[in-house]
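> Provided below for reference: sequence and predicted model.
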Amino acid sequence: MSEGKIVFSGIANASGLKVYSSDVPSVNSVIQALVQSIDFQIDQKRSFGAAPQTKNHTIQYLVDNEVAFISAATPDFPHRICFKFLQDISSEYKSIGDINSSSSQRPLQAFLKKKMVHYSTDTSVDQIRHLNSQVSEVKNIMHSNIESVLARGDSLESIVTKAEQLEDKSVVFHKRAKKLKCAMLRENIKMCILLVAIITCVLLVLAGGLSGLIYFLVK
C-alpha cells in the first residue's frame, strides 16, 4: 500500500482503555496516557500530527456517548480515513460484544484488527484514495504500452506518421461514403420517376381502352 496504514485501534471509557489491537507496541503507552486526558462527558473528535511525543504516528479519537474510539496511523495515512474508520467501529462494536466483559475481549480485538486491515488496504473505502489508485493503474498501463512500443523499435515519429495516415484514410473513406450515398439517392429518384411514368402509361392505356368500350356499347 502506498499511503501508510492504521497501526492501532482501541475502545476506552472513563475507567481506561478497555480493548485494543496494536501493530506498534511503542504507541500503546502514548494511547494509555492520552486516554487519561480525554473528557468522556463531551461528544467530540480530535487528531494529533506525527511528532516524537506520539512516536512519529498520527493519533485520532472520537468520543460518542461516553465511549472513546481511538486510532493511530503512519504519518502518510489520511486523517479522513482514520475518522471514517472510527465512525465505523463506533456503530458496529456493540454487535460484537461488551467492552466491559472479559469474554468479549478476543472477539472485539479480532473485530478491531479486521477493520484496521480493511481500512488500510482497501482503496474503495475512500473515494479520493480510490481515484488515486485508478490514476496510478492507468499510468502504469501507459508506461507499459510505451515500453512495448519502444521494444518493437517503433519511433515516436513513425507512430505519428501512422496516426496521420490513418486519419487520411478515414477522411477518404468518409468522402467515398458520401459520394456513394448521393449516387444511391440519384438512382432511387430515377427509379421513382420511371415507376411513376410506367404507372401513368398503364393508366392512360386502361383509360383509352375503357373509353373505346364505352363508345362501342353506346353506339
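Perfect, thanks for sending it. Numbering: from 1, shown residues only.

> bridging residues for Ser21?
Note on Ser21: beta-bridge partners Ser9, judged by DSSP bridges.

> roughly how far does it sit from Thr123?
Applying CB to CB, to the nearest Å, the value for Ser21 to Thr123 is 21 Å. Just so you know, the C-beta spots here come from the backbone N, C-alpha and C atoms, and that holds for glycine as well.

> what's the pLDDT at Ser133?
Model confidence at Ser133, expressed as pLDDT, equals 47.

> now do the buried residues in stretch 62-75.
If you call a residue buried by 16 or more other CB atoms under 10 Å, then stretch 62-75 has these buried ones: Leu62, Val63, Val67, Ala68, Phe69, Ile70, Ser71, Ala72, Ala73, Thr74.

> Provide the secondary structure category for Ala68.
Secondary structure state of Ala68, per DSSP: H, G, I helix; E, B strand; the rest coil, is strand.

> wait, I meant Leu17
Quick answer, by three-state DSSP: Leu17 is strand.

> which one of the buried residues of stretch 62-75 is nearest Phe8?
Each of those was scored against Phe8 by CB to CB, and Ala72 proved nearest at 3.7 Å.

> I'd say the closest one and Ala50 touch.
No. Under the criterion of CB atoms under 8 Å, Ala72 is not in contact with Ala50, lying 9.7 Å apart.

> now the common contact residues for the two.
By the contact definition CB atoms under 8 Å, 6 or more residues apart in numbering, Ala72 and Ala50 are jointly contacted by His57, Thr58.

> now the helices: where do they sit in this structure?
Residue ranges of the helices in the chain, as given by DSSP state H, are 25-37, 79-92, 105-121, 127-151, 156-218.

> just the buried positions in the shortest one, please.
Within helix 25-37, the residues that count as buried by 16+ other CB under 10 Å are Val27, Asn28, Val30, Ile31, Leu34, Val35.

> what number of residues are in the vicinity of Thr123?
Neighbourhood size, Thr123 [other CB atoms under 10 Å]: 18.

> now do Lys94
Counted with other CB under 10 Å, residues neighbouring Lys94 total 10.

> let me know the distance separating Ile38 from Glu66.
Applying CB to CB to Ile38 and Glu66 gives a distance of 10 Å.

> what's the closest of the buried residues of helix 25-37 to Thr54?
Within the set of the buried residues of helix 25-37, Val30 lies nearest Thr54; the separation is 5.6 Å, counting by CB to CB.

> wait, the closest one sits on Thr54?
Yes. Because the distance of 5.6 Å satisfies CB under 8 Å, Val30 is recorded as touching Thr54.
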